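1. please work out how this folds:
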Amino acid sequence: MHVDTFGPGAGPALLLVHGWGGDGHEWRPLARAWAGQGRRVLVPELRGHGRTPPGKGSWSPREFAADLAALLRGTGAGAVTAVGHSMGGQIVTALAVEHPELVTALVVLDPAYGADADELRRLPDEQRALRTEGASWAVEFVRGALSPRIPASARERHLRLMAAMDPQILAACREQLYLAPGSFGSRPAARRYLARRRCPVLAVYASERAAAWERELPSLPGSRVVAWPQCGHYLHEERPETLVALVAEWTAELPPSVRGSGGLSRRSPCPRWRTAARRGPGPGCPS
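-> Numbering: from 1, shown residues only. Coordinates of the predicted model:
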């Protein structure tokens with residue numbers, strides 16, 4: 001697995017995981033900013049994406065999470081704050097659930113879970129179109145998710161990356177996200193799976209409706225859900241400075257044991273579960 005590392009070799013680490021058809025390049029402005037705050041930052045590229053070959057594993061979030069677990073153990077990074085966008089949000093969630101000793105706080109950005117009934121009804125037809133039309137379908141799908149506010153260079157990079165992707169890998173990833181047995185992309189499955197999280201979560205959505213759904217889920221004290229409704233799906237590339245500030249402010253509010261290790265101390269008793277506080281939208285995307 002290809003991984004770029006930023007910042008000092010020791011200290012609390014951040015793990016930044018891209019989404020479907022993406023690569024590590026999209027994280028560079030944020031990685032440099034967090035490294036400038038004294039954080040070690042790991043930016044991997046998932047199998048079949050960017051500079052990482054497909055390998056032999058399946059395309060499920062749990063399998064990708066196993067890859068990341070091996071990476072973290074191999075680098076000696078310790079417990080991390082895991083940040084994931086879209087499909088990467090599912091993957092870091094699986095990492096936190098299946099390998100809880102490696103994740104002490106989660107940041108999920110417009111995560112690819114919580115699909116409602118209308119989205120699920122569209123998926124089989126979309127999968128057939130993807131397999132029939134190939135990467136050209138994926139390019140148009142991503143084009144629709146790109147806000148006019150995203151920098152032109154980022155827009156061009158995402159479209160170029162998607163055009164170069166293997167459409168069979170793209171289809172297999174979507175199948176595992178939403179349709180395969182054991183997937184947790186749908187709202188009922190996500191509700192069950194996310195109840196197994198044992199660390200505080202910062203969830204940032206581009207839709208107030210999706211944010212409202214996550215606010216109703218069980219979460220640990222310190223968790224927060226915010227919405228940036230003027231952003232598109234790639235909100236971390238539209239407002240990187242705002243996200244860096246939000247994560248810094250959120251982590252500063254966590255207990256010292258969390259801030260020092262990147263998450264909750266595994267020696268501490270697990271705090272009582274609660275429903276996420278009904279907080280209003282956090283720092284939004286300026287017009």
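2. which residues of the stretch 1-150 of the chain fall in strands?
-> Assigned by DSSP state E, counting those that start in this stretch, the strands in the stretch 1-150 of the chain fall at 3-6, 13-17, 40-44, 80-85, 103-109.
3. most tightly packed of those strands?
-> strand 80-85 (a mean of 29; mean count of other C-beta atoms under 10 Å). For the C-beta atoms, the positions are set from N, CA and C on the backbone; glycine is no exception.
4. and the residue nearest to residue 17 when sequence neighbours are not counted, what is it in contact with?
-> Leaving aside its sequence neighbours, residue 17 sits nearest to residue 88 (C-beta to C-beta, 6 or more residues apart in numbering; 3.6 Å). Contacts for residue 88 (C-beta atoms under 8 Å, 6 or more residues apart in numbering) come out as 17-19, 22, 46, 109.
5. now do 6 Å
-> 17-19 (C-beta atoms under 6 Å, 6 or more residues apart in numbering).
6. which strands and helices lie in contact with the longest helix anywhere in the chain?
-> In the chain, taking DSSP state H as the definition, the longest helix is helix 117-133. If contacts are counted by 3 or more C-beta pairs under 6 Å, 6 or more residues apart in numbering; DSSP states H and E, helix 117-133 sits against helix 167-174.
7. hang on, the earlier thing: if I look at the residue nearest to residue 17, how far off is residue 68?
-> For residue 88, the distance to residue 68 equals 10 Å [C-beta to C-beta, to the nearest Å].
8. may I see the buried residues of the longest helix of the chain?
-> 123, 126-127, 129-130 (16 or more other C-beta atoms under 10 Å).
9. just stretch 64-72 next, same as before
-> 64-69, 71-72.
10. what's in contact with that stretch?
-> Residues contacting stretch 64-72 (C-beta under 6 Å, 6+ apart): 1, 44, 46, 91, 94-95, 98-99, 102.
11. could you list the low-pLDDT ranges of this protein?
-> Within the chain, the ranges that satisfy pLDDT under 70 run 256-287.
12. give me the secondary structure label for the residue lying closest to residue 97 once chain neighbours are set aside.
-> Excluding its sequence neighbours, the residue lying closest to residue 97 (C-beta to C-beta, 6+ apart) is residue 196, at 4.7 Å. Following DSSP: H, G, I helix; E, B strand; the rest coil, the label given to residue 196 is coil.
13. so residue 196 versus residue 100, what's the distance?
-> 9 Å.
14. pretty sure residue 30 contacts residue 239?
-> No: Residue 30 is beyond contact range of residue 239, at 10.4 Å (criterion: C-beta atoms under 6 Å).
15. next up, the contacts around the residue nearest to residue 8 when sequence neighbours are not counted.
-> Leaving aside its sequence neighbours, residue 8 sits nearest to residue 40 (C-beta to C-beta, 6+ apart; 5.7 Å). Residue 40 is in contact with 7-8, 11, 13, counting by C-beta under 6 Å, 6+ apart.
16. give me the buried subset of these.
-> Judged by 16+ other C-beta under 10 Å, buried ones among the contacts of residue 40: 7, 13.
17. am I right that residue 202 is in a strand?
-> Yes: Residue 202 sits within a strand when classified using three-state DSSP.
18. quick one on the thing from earlier: neighbour count: residue 196 and residue 100, which is higher?
-> residue 100 (18 against 14; other C-beta atoms under 10 Å).
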